[in-house]
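Student: Model the structure of this input:
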Amino acid sequence: MSSISKTKLAHILCCLSLSILGSLVLADVNATAYEGKIFINLYDSDNFSEYELAAGNLVKTIDGKVSRFEKDGRTYSTSWTEAFKRLYYSKRIYRYDMEEKQAVFFSPYDLQRLQDIQARFFRHSLFGEEPEITTRNLYLAGPGRKPKYFINFTYHFFPNRQFTHVVHGNSSGALINAETKGITFPFGIDTLEHNDWSSTGQFFAYSFQGYKSKYILGDRPAWEIKDRDQATLVIVDVSTEKTLLRKNLGERYIVDLAWSSDSSHIGVIIVTPRLGVWPWELLAAMAGHPIYHNTYRIEVYDLKGNMVESKDLEGSYKLGSARIVWD
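Tutor: Predicted coordinates for the structure are as follows:
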């Protein structure tokens, strides 16, 4: 082999090495290309654990026992640390401190009519029982009236931090423009189970199980009912009322979700249940009371639905659940 050939070969090998190394570095960057730190709390009736996830590194910070105390004749339980509790509520304070503001905002309007509109929309979309209704030119109207079953506003209305838009979740998800009082249905007939607003107030993310309906705005959806084990993650841009993402995550369950501080990523906690197989658990299952053990996973997606992070969380929890917060 000539010296020129050796030089060319060395150059080619060097380029290949740099290309492979660059790809590995790029893949690693893409795998952790999100800002901030994610905090996770897992719990059941007896135990809880907490984790921190940052730059691809997952660390368990505590294993604890659920504590119980009596107050005003009721039994309460504590299944998280005070630090996690403070952070969780601080990130979701817009959910808990707006009840009075919502009461003032909605007091002039007929909320029974809003519920009736949603019910009509749902029945038409699913069964075609009613004449087709338009999702345009629908507005909150007075005089003030609300359905009797409303315990308080917090349970049914989800305003963003800026209070420019409010989502009302019922038989279908209605979007209310707080400035124009207009009512639209960019969520179709989805059930908005777990949801969160981005910090900018532009994006509304939610999950649902089972129903899979096409995005609709003034048109009847193509719909079908899927098995409830199918989890779906949806992101809607409320400024345009367009669905940015509708991603099926397979035969699993989403139990909580949270936005990154810069509104560029969404983190979801996913649970996979398995039936307990100890003798007493099999007996309970035969008696119609199956006992499930939950295992959890954290997944992070960008606005296009690309997964940039996926980590399994240790342990198994009986009939447990999880919380996630992003700082």
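
Student: could you list every residue that touches the most centrally placed residue in the chain?
Tutor: Central residue of the chain (C-alpha atoms, centre = their mean): Leu257, 3.7 Å from the mean position. Residues near Leu257 by C-beta atoms under 8 Å, 6 or more residues apart in numbering: 194-196, 205-207, 233, 266-269, 324. For every residue, glycine as well, the C-beta is placed using N, CA and C.

Student: Could you rerun that using 6 Å?
Tutor: 194, 196, 205, 266, 268 (C-beta atoms under 6 Å, 6 or more residues apart in numbering).

Student: Which parts of the stretch 51-200 of the chain are strands?
Tutor: 57-65, 67-71, 74-78, 157-159, 165-169, 173-177, 183-184, 194-197 (DSSP state E, counting those that start in this stretch).

Student: Per-residue confidence, Thr7, what does it come out as?
Tutor: With respect to pLDDT, Thr7 has a value of 52.

Student: Hmm, I typed the wrong one, I wanted Leu249.
Tutor: 89.

Student: Give the buried residues for the helix or strand it falls within.
Tutor: Per DSSP states H and E, Leu249 falls inside strand 242-251. Across strand 242-251, burial judged by 16 or more other C-beta atoms under 10 Å covers 243-247, 249.

Student: Surely Phe157 and His165 touch.
Tutor: No: applying C-beta atoms under 6 Å, one finds Phe157 not in contact with His165, separated by 10.7 Å.

Student: what's the neighbour count on Thr191?
Tutor: Using other C-beta atoms under 10 Å, Thr191 has 16 neighbouring residues.

Student: between the contacts of Leu257, which is nearest Tyr301?
Tutor: Proximity of those to Tyr301 was ranked by C-beta to C-beta; the top entry is Ile266 with 5.4 Å.

Student: who touches the closest one in this structure?
Tutor: Contact analysis of Ile266 by C-beta under 6 Å, 6+ apart lists 205, 257, 259, 301.

Student: I'd like those residues as JSON lines, with pLDDT and distance to Asn294 appended.
Tutor: Below are the contacts of Ile266 laid out as JSON lines (pLDDT from 0 to 100; distance: C-beta to C-beta, whole Å):
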{"residue": "Ala205", "pLDDT": "96", "distance to Asn294": "22"}
{"residue": "Leu257", "pLDDT": "96", "distance to Asn294": "17"}
{"residue": "Trp259", "pLDDT": "96", "distance to Asn294": "24"}
{"residue": "Tyr301", "pLDDT": "96", "distance to Asn294": "21"}
